Structure formats: structure tokens, C-alpha cells
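J.: sequence-free structure coming up:
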DNA sequence: TGTCTGACCTGTC
DNA sequence: GGACAGGCCAGAC
């Protein structure tokens, strides 16, 4: 399939008196392909430096031209079909570990890159609040701005913005709808019912009286706390005042985490 | 440059 | 405990 607007460029390149320098077409075009994912088929655009743009086919009504237009609006480059997927893309889209996958986020403002970088560090099966992302991005008060960045996440699934939830225990919104967010989290074995039950009781952190460590409820360390030794806290400050130390894995709270 | 817009948070009632 | 308003911040226009 050829994307609208590509033919004139291809024709112009073909009309060059001399062969195009090696790598030129790679500088002019961005490759794209369709691939299976946890959200169904997705369209993926990528440069030699990594993946730049991902959108579910459903979100552009299965129309590759609409995907190319959305990409061009944002990145100012045309697309051409690619022969093969970048390393790590296919397992990453299926939610599997893919350390070889590279993302090309160079064109994004620093703040967006920092937000997406922090989001990418949330392990599968766990969630973090927007405020945690803001802190990790170095702007602890930019909580609303974090939401704005995630709403424009160019690489959903690869940067797992579905793992960012509201501080009050609710899931919050998602660029493709809250139902997809819930579906993705349940597929990662996040116990949303238990998290909701804790939130209902005003519990947003869990501590262990045997280790003296307090975590986010979805942290893998929190899941290992037996009910007999588990204590719930509304704020990290209350937990610290009670003698608990923030988990070094999930880092709940910047003041205590840096102590 | 100023205004507006949010996938939010928190205090107050 | 639920609703609401005000605050906050970065990006878009």
C-alpha cells in the first residue's frame, strides 16, 4: 500500500541524475507497518533510531492514509511501507519484555521526554499515580501537565501510559478510553478490585510491620505482605511518621525516598 | 505574549 | 464521603 503524498517524492528521487546517496531515503521517509498488539492491530512508524508513533488501527478506522496524515501532522515527514519491524517491537506490543526496543523521542520537548521516560520505568503489573510521574520527571507540581503529555503519548503500549492512575485509586482517563486501560491492566494481572477496595477504605499505601517498608499497593513487594502483617496508610507521610521507610523499588514519596 | 485547555490534586464545606 | 473550586503547569494557538 502506498501512502498519499509519497508518489511525488518517490518520482522525484527516481529522477535524480545520480544514484541517491546511501541512507538518503531513510532521512526523507519514515517506515511504517501494521502489527498485532494487545489493542488489536496497530500501525507503527519508525526511523533508524527507533519507534516514533503508534496508533491502533481502530483509532484511524483502519485507514493507513489517515495514520500517515496524523503522523505527518505531528512529525512533518511522509511514510513508506517497511519490510520488517524494528528489533523488539513485536514482543513489546504483546506486553513482553523487549530490552532491544528503541524509541525515537528526539523531537519531543524535554518535559515530554522526561514524562515518557518515567512512565516507561513502571514495571508491568504495577501502577503509579500522576504525581509520582511528575516527581520522577523533576517537576513535582506539574501533575496536570503530566496528564496532558500522556494524552498525547506518541507511542502507547511501548510507553505504558495505561499504568498511570489517579492518586485517589480511580483509573483516570485513557487516550483510547478507560475500558481499554482497564483491559490492559487486568491483562497484566493488576488486581484492580483489591486496589479499589483499599481506596474505598482510604488506603493508598501498604506497609509491612516485619520489614518496616511501605509501598504502593501494586508494588511487587506489597503483594508479598501477608494480611497479618499488612498495614494500610492514607498518605506516605503518615506511614513515615509511624516508622516506615519508603520502598526503594516503587519509591512512594520524594521526601522520604531521598532520606 | 497572553489566553485557553486539560488523562490532576487537594482543601473545604 | 461526595461535590466543588482553586491551584498548578506546560503546550497549543
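T.: Yes, it's here. Since the structure is predicted, the reported quantities are computational estimates derived from the model, not experimental observations. Residues are numbered from 1 along each chain as shown, chains lettered A, B, ... in the order given.
J.: list the buried ones in the helix or strand containing residue A:182?
T.: Using DSSP states H and E, residue A:182 falls within helix A:178-187. Residues A:180-181, A:184-185 are the ones in helix A:178-187 that count as buried (16 or more other C-beta atoms under 10 Å). Heads up, the C-betas are built off the backbone N, CA and C, glycines and all.
J.: following it, which helix or strand comes up?
T.: Moving toward the C-terminus from helix A:178-187, the next helix or strand (DSSP H and E) is helix A:192-200.
J.: what angle separates that following helix from helix A:178-187?
T.: If you take axes from the mean of the first three to the mean of the last three C-alpha atoms, to 10 degrees, helix A:192-200 sits at 110 degrees to helix A:178-187.
J.: In terms of secondary structure, what does helix A:192-200 contact?
T.: helix A:178-187 (3 or more C-beta pairs under 8 Å, 6 or more residues apart in numbering; DSSP states H and E).
J.: can you give me the mean pLDDT across the helix it packs on?
T.: Mean per-residue pLDDT for helix A:178-187: 92.
J.: now that helix: how far from the chain's centre is it?
T.: With C-alpha atoms, centre = their mean, to the nearest Å as the basis, helix A:178-187 stands 13 Å off its chain's centre.
J.: Residues in contact with that helix: which ones?
T.: A:38-39, A:95, A:127, A:157, A:160, A:162-163, A:171-174, A:192 (C-beta atoms under 8 Å, 6 or more residues apart in numbering).
J.: Out of the residues you listed, which comes closest to DNA strand B?
T.: residue A:173 (2.6 Å; C-beta to the nearest atom of the strand).
J.: Surely residue A:32 is in a strand?
T.: Yes. Under DSSP: H, G, I helix; E, B strand; the rest coil, residue A:32 falls within a strand.
J.: Just grab the bridge partners of it for me.
T.: Beta-bridge partners for residue A:32, by DSSP bridges, are residue A:45, residue A:81.
J.: In contact with it, which residues?
T.: So residue A:32 contacts A:3, A:43-46, A:64, A:67-68, A:71, A:79-82 (C-beta under 8 Å, 6+ apart).
J.: For residue A:41, give me phi and psi.
T.: Phi and psi for residue A:41, reported as degrees, to the nearest 10, are phi -70, psi 140.
J.: If anything else comes up later, I'll come back, but that's it for now.
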